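[1] Build the 3D model from these lines:
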Amino acid sequence: MHKRIERPEYLEQLIRFREKEVIKVVTGIRRCGKSTLFDLYCEYLVQDGVSKDQIIRVNMEDPDYHDIRDYMQLYDLIRQQMHSEKMNYILIDEVQNVPEFQKAVDGLYIKENCDVYITGSNAYLLSGELATLLAGRYVEIKMLPLSFKEYLSALGDKTDLMLKYQNYIQNGSFPYVVQLEKKRDIHAYLEGIYTSIILKDIMARYRIADTGGLDSVIRFMFDNVGNLCSATKIANTMTTAGRKIAISTVENYLGALTECFILYKAGRYDVKGKQYLTTGNKYYLCDMGLRYYLLGTKRADLGHILENVVYLELLRRGYEVYIGKVGNAEIDFIAIGEEGEEYYQVALTVMEESTLERELAPLESIRDHNPKYLLTMDFTPLTSHNGIKQWNVLEWLMK
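    Residues are numbered from 1 along each chain as shown. Take a look at the predicted model:
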């Protein structure tokens, strides 16, 4: 029995929407903890007085349910277990495995005594027909693998933060990795996640036959986290290296990788012009362990890896995140939240005066009074440079 990791922020969101007239949709990459979140939520419901027979769980990855071939079978299976007088809490894992599942979900949703929760490991879940059918009737809870703070909490040890951070980026942030001690076991586990996503979620769903081409694009993207990327640039680079690939094919692969939550696309935003830009996206990876699994430790740009960790943390904290453009300068991240905009620069170290000045310059050129942060690995006390807060990034990650 492996140790379960509490995920309070996600659990609180489910509790907040309990019995509200929306379908609760938990999305995220495979193995990021969606089923465990449902386990925790079911425990909460029972502790709150809900009887176990009011909770109906169906996991479409479980072989017990592999004979369910269409939405009517799923609907009938659940309906047979429902109470007519009491509230029914219906939790369906990996619902996208059932063709036309949205019809079953909608049929349950319209019943007064049904509270519906679903998970899916593909953003396709909320596109197309489902989005049309359920428009305005669902709330999406976007789940990521463990944050650094959750990772430390799972280890139960907050000493030697630098070593823990190195393990976090090399071994990865999937919850089960915390249970594994040997490098070869971690490697085998990450290999399993990687191949199941590539084979099940991408190649099968998008009918991709060229494994080699897809693998090359993935390797390119993993090697270029935090670099400005376009499908044209990727296609040209790969063609020059001897693997000819069409720009449209690269676009399709990038779309599939973002839909399966392996990659996250960050667009650009012009701070002075207050407008979103259509070119010059960056891509960030959902888990650094997958990068180390695929590419090893060679050519690891630790600055960009740190940037990736910060990007995901800002997403976890509920921000919309963009790359900032100020004149000709770039700001690593503009985080837009309920309170407005915040600006972030991320650097491994700014101990050299010239580096510090270079990192501060884009932030100093912004004339508004929104919060501005410089996050670094330097262990210096919290410092302010004309209102720009310099913060040790590990301490920031733990707040």
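
[2] average pLDDT across stretch 156-171?
    Model confidence over stretch 156-171, given as mean pLDDT, is 92.

[3] Dump it to CSV, keeping only the CA atoms.
    Taking Å, rounded to 0.1, in the frame of the first residue of the first chain, the C-alpha atoms of stretch 156-171 are listed here in CSV:
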residue,chain,number,x,y,z
GLY,A,156,8.4,14.7,5.3
ASP,A,157,11.8,16.4,5.2
LYS,A,158,12.7,20.1,4.5
THR,A,159,16.4,20.0,5.1
ASP,A,160,19.1,20.4,2.4
LEU,A,161,16.8,22.2,0.0
MET,A,162,19.3,22.3,-2.9
LEU,A,163,19.8,18.5,-2.9
LYS,A,164,16.0,18.0,-2.7
TYR,A,165,15.5,20.5,-5.7
GLN,A,166,18.1,18.5,-7.7
ASN,A,167,16.2,15.3,-7.0
TYR,A,168,12.9,17.0,-7.8
ILE,A,169,14.0,18.1,-11.3
GLN,A,170,15.9,14.9,-12.1
ASN,A,171,13.5,12.3,-10.7
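
[4] Pull out the buried residues from it.
    Across stretch 156-171, burial judged by 16 or more other C-beta atoms under 10 Å covers 161, 164-165, 167-171. C-beta coordinates here come from the backbone N, C-alpha and C atoms, glycine included.

[5] Residue 119 falls within a strand, correct?
    Yes. Per DSSP: H, G, I helix; E, B strand; the rest coil, residue 119 lies within a strand segment.

[6] Tell me the spacing between it and residue 20.
    Per C-beta to C-beta, to the nearest Å, residue 119 is found 18 Å from residue 20.

[7] quick one: which of these two has more around it?
    residue 119 (26 against 10; other C-beta atoms under 10 Å).

[8] so the more buried one touches residue 93, yeah?
    Yes. Assessed by C-beta atoms under 8 Å, residue 119 is found in contact with residue 93 at 5.0 Å.

[9] List the backbone torsions phi and psi for residue 358.
    Main-chain torsions, residue 358, degrees, to the nearest 10: phi -60, psi -40.

[10] burial measure for it, as a count.
    14.

[11] That one and residue 247, how far apart?
    34 Å.

[12] Same question for residue 380.
    Taking C-beta to C-beta, one finds residue 380 at 45 Å from residue 247.

[13] quick revisit: which neighbours do residue 119 and residue 93 have in common?
    34-35, 38 (C-beta atoms under 8 Å, 6 or more residues apart in numbering).

[14] Let's have the residues you listed in a markdown table, adding distance to residue 272 and secondary structure.
    What follows is the shared contacts of residue 119 and residue 93, written out as a markdown table (distance: C-beta to C-beta, whole Å; DSSP: H, G, I helix; E, B strand; the rest coil):
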| residue | distance to residue 272 | secondary structure |
| --- | --- | --- |
| 34 | 40 | helix |
| 35 | 46 | helix |
| 38 | 45 | helix |
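
[15] Show me what counts as buried in stretch 245-257.
    Buried residues in stretch 245-257, counted by 16+ other C-beta under 10 Å: 245, 249-250, 252-257.

[16] Inside helices: which ones of the residues you listed?
    Under the assignment DSSP state H, the buried residues of stretch 245-257 contribute 249-250, 252-257 to helices.

[17] between those, which is closest to residue 11?
    residue 257 (28.4 Å; C-beta to C-beta).

[18] If we ignore the residues flanking it in sequence, what's nearest that closest one?
    Leaving aside its sequence neighbours, residue 257 sits nearest to residue 263 (C-beta to C-beta, 6 or more residues apart in numbering; 4.4 Å).

[19] do you know how far that neighbour is from residue 235?
    Applying C-beta to C-beta, the value for residue 263 to residue 235 is 17 Å.

[20] quick one: contacts of stretch 165-181?
    2-3, 5, 31-33, 36, 144-148, 151, 154-155, 183, 186, 189-190, 193, 287-290, 292-293, 297, 305, 309, 394.

[21] Mark which of these are buried, thanks.
    5, 31-33, 36, 144-148, 151, 154, 186, 189-190, 193, 287-290, 292-293, 305, 309, 394.

[22] Which of those residues fall within strands?
    Using DSSP state E, no member of the buried ones among the contacts of stretch 165-181 sits in strands.

[23] Show me those that map onto helices.
    36, 148, 151, 154, 186, 189-190, 193, 288-290, 292-293, 305, 309, 394.

[24] which element is the spatially closest residue to residue 18 that is not a sequence neighbour on?
    Counting by C-beta to C-beta, 6+ apart, the nearest residue to residue 18 once its immediate chain neighbours are dropped is residue 115, at 6.7 Å. Element membership for residue 115 (DSSP states H and E) is strand 114-120.
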